[in-house]
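Novice: The following block contains a protein sequence and its predicted model.
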Amino acid sequence: LENGTAVRLLTYRLTRDDGPALLQLGRAQIDQERILNQLLLILVSLGSMSVVMLGAGSWWLAGRSLVPAQQAWERQQTFVANASHELRTPLTLIRSSAEATLRRLPEEQQRPRQLVQDIVGESDHLTRLIQDLLLLSRLDARRLELEHTAVALPALLADLQRQVGPLTEAQQIRFEVSAAAGSVRGDPTRLRQVLLILLDNALRHTPAGGTIAVRVQSRSKQMQIDVCDTGSGIPAADLPRVFERFYRADPSRTGGTGGTGLGLPIAKMLVEAQHGQITLTSQEGEGTQVTLMLPVAG
């Protein structure tokens, strides 16, 4: 029609004596279109409500299914924390008794002294492992209290050089620390712990005659700290897993001097807890570089 209304036409052919004729009937489709629009609105509304209800139901079921896993995880963390606390006391007593025995043994009794020294060494190893597990449980539960203060890099690196320098000299490894200026925001104790973990790894895998270097660069609102070594490096197949807990590369590559597999995971969690990032690049046979990106103080 002229007003734009849709019309349905029905045409009949009539047979008449004076010749063929056509009869057309028309009906406006306003009512049909209104009913179809209402039906479409109802379908869309029902579909939206169904999606919302299905989403809410799925979320509820997913939450219910995750509750046992969450409870098991919390029980595991509680067990690790409690076990760590309970084991520290007897280990301290074992070590103290071993040291007392060692002091009483005559110098000429080399074999008994060596056995007691092994007890002292293994006690120290277990103590460090327990401390690492306790630290990880606190980090997982977000119960580790961290300071967020300005840490002066010159003083921090000078302290590290004094502590690590004698170890590198004993292993005939060159230790370089670049001049640093400025401060980063973080926890001084935990940041020092991270750097000691990285330097300890470098010492484990760098042979005599190699080099370990700590370099600092300013990157706008961040400070970049690189710990580099010219050691044995890490195979490409192991790189994606270096930050996994308890993961260690092939011990034959390092002569069996690998640690517990907790150092790098702890370093990663401590750096991230201080709003930083940590990355690692390595090439087998050439060395490794670990990069820390930390926010600048102020």
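Specialist: Yep, that arrived.
Novice: C-alpha from now on. contacts and neighbour counts both.
Specialist: OK.
Novice: mean confidence for the helix or strand where Arg204 lies?
Specialist: Assigned by DSSP states H and E, Arg204 falls within helix 188-205. Across helix 188-205, the average pLDDT comes to 92.
Novice: Pull the residues that contact that helix.
Specialist: For helix 188-205, the surrounding residues in contact (Cα atoms under 8 Å, 6 or more residues apart in numbering) are 146-147, 149, 151, 156, 160, 164, 168, 212, 227-229, 231-233, 254, 257-258, 263-264, 266-267, 270-271, 288, 290.
Novice: for Arg185, helix, strand, or coil?
Specialist: With DSSP: H, G, I helix; E, B strand; the rest coil as the basis, Arg185 sits in strand.
Novice: All the strands of the stretch 1-150 of the chain, residue numbers only.
Specialist: Here the stretch 1-150 of the chain has its strands, by DSSP state E, counting those that start in this stretch, at 7-16, 19-28, 149-152.
Novice: Kindly compare burial across those and name the winner.
Specialist: Across these, averaging neighbours per residue (mean count of other Cα atoms under 10 Å) puts strand 149-152 on top, at a mean of 17.
Novice: Which other helices and strands does it contact?
Specialist: Under the contact criterion of 3 or more Cα pairs under 8 Å, 6 or more residues apart in numbering; DSSP states H and E, strand 149-152 touches strand 183-186.
Novice: Show me what the strand it packs on is in contact with.
Specialist: 146-153, 222-223, 274, 294-298.
Novice: which SS state does Phe246 fall under?
Specialist: Going by three-state DSSP: Phe246 is coil.
Novice: Can you report how many residues lie near the closest residue in space to it that isn't next to it in sequence?
Specialist: Computed as Cα to Cα, 6 or more residues apart in numbering, the closest residue to Phe246 that is not its neighbour in sequence is Gly261, at 3.9 Å. Using other Cα atoms under 10 Å, Gly261 has 17 other residues around it.
Novice: State the distance from Gly261 to Gly276.
Specialist: As judged by Cα to Cα, to the nearest Å, Gly261 and Gly276 stand 21 Å apart.
Novice: What of Met223?
Specialist: Distance from Met223 to Gly276, by Cα to Cα: 10 Å.
Novice: Buried ones among the contacts of helix 188-205?
Specialist: Taking 16 or more other Cα atoms under 10 Å as the criterion, what is buried in these is 151, 156, 160, 164, 168, 212, 227-229, 231-233, 258, 263-264, 266-267, 270-271, 288, 290.
Novice: Which ones among the contacts of helix 188-205 lie within strands?
Specialist: Counting by DSSP state E, the contacts of helix 188-205 place Thr149, Val151, Ile212, Val227, Cys228, Asp229, Thr288, Val290 in strands.
Novice: Show me the longest helix that occurs in the chain.
Specialist: For the chain, the helix reaching the highest residue count under DSSP state H is reported as helix 30-104.
Novice: State the mean pLDDT of that helix.
Specialist: Here the average pLDDT along helix 30-104 is 81.
Novice: tell me what it is packed against?
Specialist: helix 110-140.
Novice: what comes up buried for the helix it packs on?
Specialist: 113, 116-117, 119-120, 123, 127, 129-139.
Novice: Give me the helices and strands touching that helix, please.
Specialist: Counting by 3+ Cα pairs under 8 Å, 6+ apart, helix 110-140 packs on helix 30-104, helix 263-273.
Novice: out of these, deepest packed?
Specialist: Buried most deeply of these, by mean count of other Cα under 10 Å, is helix 263-273, with a mean of 20.
Novice: Which is the succeeding secondary structure element to that helix?
Specialist: strand 277-283.
Novice: Quickly run through the sheet partners of that following strand, with directions.
Specialist: Here strand 277-283 has these sheet partners by DSSP bridges: strand 287-295 (antiparallel).
Novice: quick one, the partner strand and helix 263-273 angle?
Specialist: 20 degrees (axes from the mean of the first three to the mean of the last three Cα atoms, to 10 degrees).
Novice: where does the stretch 101-250 of the chain have low pLDDT?
Specialist: Filtered on pLDDT under 70, the stretch 101-250 of the chain yields the residue ranges 249-250.
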